[in-house]
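K.L.:
Below is the sequence, then the predicted model.
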Amino acid sequence: MLKISVNSLKPGTRLGKDIYSKDSKLLLRRGTFITQAHLNVFAKRRIREVYILESDLPVKVLPDFECVYNNCLNTVKSFMLRAKLGEGLDFEEIGETIDSLFEQVLNQADILKKMRLIKKRGEYLFSHSVNVALLCMLLGKWLDCEPVTIKELGLAGLFHDIGKVYVDEAILNKPGRLTAAEFEHIKKHTLLGYIFLNDNSWINKSISSAVLMHHERADGSGYPLGKKGYDVNFYAAVVAVADIYDAITSDRVYSPKRSPCVAIETIWDESFGRLNPKITKVFFDRMTSFFMGKRVLLSNNQEGTVVYVDPGEPTKPTVMAGNRLYNLRVDRSISIKRVID
């Protein structure tokens, strides 16, 4: 089977996997020949990706994701080093990097899984920048943004922490709790990144503003401006969600990575008064489909498969482990410790 965008589908293609509605009702069975009427229903129900029988569709061969990711990682290392030395950004190099990520986000199936499998230890600042760029573009795609906006969201994600090259590395990589003075020093990275980007005339002001404001929160608890309300730059609001998700699911010097469930629950909790709910709702809804069919490790060390996801609480699915069903929404003593595949 192959997971593809419905935009690539043509009538006559056979469905490779059952399609269910958000309330778990069967819409189409595996093996159904897709008609134009089906495509119209997909558009109406906002179904953007389906599984097909691979033999039915000639698919464009994308560059290997890991190769693209590593090339982007090298680009980030390069422009961050140049930024630290006071040099400007290479428009062509960074443009090619965003184009390659955009192609992956637009066409690659299960990009979240591919990102999870490629997580690198010891290169957090660089890999975090690539991951946030990918997540911002994915969110842009889910929000039905125009291609140019999706690419600019990717740039905002790629640059969001560039100001950290000017932060004391001993503080940046400190394994323990930061003092109040150290945290104030870290917080300067948003303003420093903003100033640096403003010296590069080809950078859109919405992108540099996102770098400045991606730590702002609607309740006024963010920084550096302490802005209140949801009128913060749209790009910054998207970066904020992507930043939180990747930070929680990555290994950091002061915190081991946690499961996507923890990240999604954190983002949902922060939707009530801190993050933009229009963005977090789309993110939350999309993650409902992320868990279906996944192999997971439960907190009781049982491995199983997610067989049902409640749209109202996708991080508490029903898991089949051996011959036993675990309804995590009912049994709160058990949680998903890790997504295996």
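P.N.:
Right, received. Where do you want to start? Numbering: from 1, shown residues only.
K.L.:
Any stretches of the protein with poor pLDDT?
P.N.:
1, 54-61, 119-122 (pLDDT under 70).
K.L.:
at 80 instead, please
P.N.:
1-5, 7-10, 22-25, 53-62, 108-110, 119-122, 253-254, 287-291, 311-312, 341 (pLDDT under 80).
K.L.:
where do the strands sit along it?
P.N.:
Listed in chain order, the strands of the chain (DSSP state E) span 2-5, 19-20, 26-28, 49-52, 295-298, 303-308, 318-321, 324-327, 336-339.
K.L.:
how about the helices in the stretch 201-341 of the chain?
P.N.:
Remark: helices assigned in the stretch 201-341 of the chain by DSSP state H, counting those that start in this stretch are 205-213, 234-248, 260-270, 277-291.
K.L.:
wait, which of the strands of the chain is closest to Ala240?
P.N.:
strand 336-339 (22.9 Å; CB to CB). Bear in mind the C-beta positions are built from the backbone N, C-alpha and C, glycine included.
K.L.:
So which residues make contact with that closest one?
P.N.:
116, 259-261, 291, 294-299, 301, 315, 317, 319, 328 (CB atoms under 8 Å, 6 or more residues apart in numbering).
K.L.:
so what's the residue nearest the centre of the chain up against?
P.N.:
Centroid check for the chain by CA atoms, centre = their mean gives Leu135 as the closest residue, at 2.8 Å. Counting by CB under 8 Å, 6+ apart, Leu135 touches 115, 157, 241-242, 245-246.
K.L.:
same check, this time on Lys205
P.N.:
For Lys205, the contact set (CB under 8 Å, 6+ apart) is empty.
K.L.:
try Asp161
P.N.:
125, 128-129, 132, 189, 193.
K.L.:
What is the neighbour count of the spatially closest residue to Pro277 that is not a sequence neighbour?
P.N.:
Of all residues not flanking Pro277 in the chain, Ser271 sits nearest, at 4.7 Å (CB to CB, 6 or more residues apart in numbering). Other residues near Ser271 come to 19 when the count uses other CB atoms under 10 Å.
K.L.:
Please verify my assumption that Ser271 contacts Lys278.
P.N.:
No - here Ser271 does not reach Lys278: they are 9.5 Å apart, not a contact under CB atoms under 8 Å.
K.L.:
ok, now which ones touch the nearest residue to Lys164 once chain neighbours are set aside?
P.N.:
Among residues not flanking Lys164 along the chain, His189 sits closest, at 4.5 Å (CB to CB, 6+ apart). Each residue near His189 by CB under 8 Å, 6+ apart is listed here: 161, 163-164, 166-167.
K.L.:
quick one: which of those residues is most hemmed in?
P.N.:
Asp161 (25 neighbours).
K.L.:
Any figure for the gap between that one and Arg48?
P.N.:
According to CB to CB, to the nearest Å, Asp161 and Arg48 sit 30 Å apart.
K.L.:
again with Met292
P.N.:
As judged by CB to CB, Met292 and Arg48 stand 15 Å apart.
K.L.:
Asp331 too?
P.N.:
33 Å.
K.L.:
more neighbours, the two?
P.N.:
It is Arg48, of Asp331 and Arg48, that has more neighbours when counted by other CB under 10 Å, with 15 against 11.
K.L.:
So this structure: which segments form each domain?
P.N.:
Segmentation of the chain into domains, based on automatic domain parsing, reads 2-56, 65-257, 292-339.
K.L.:
Much appreciated, bye for now.
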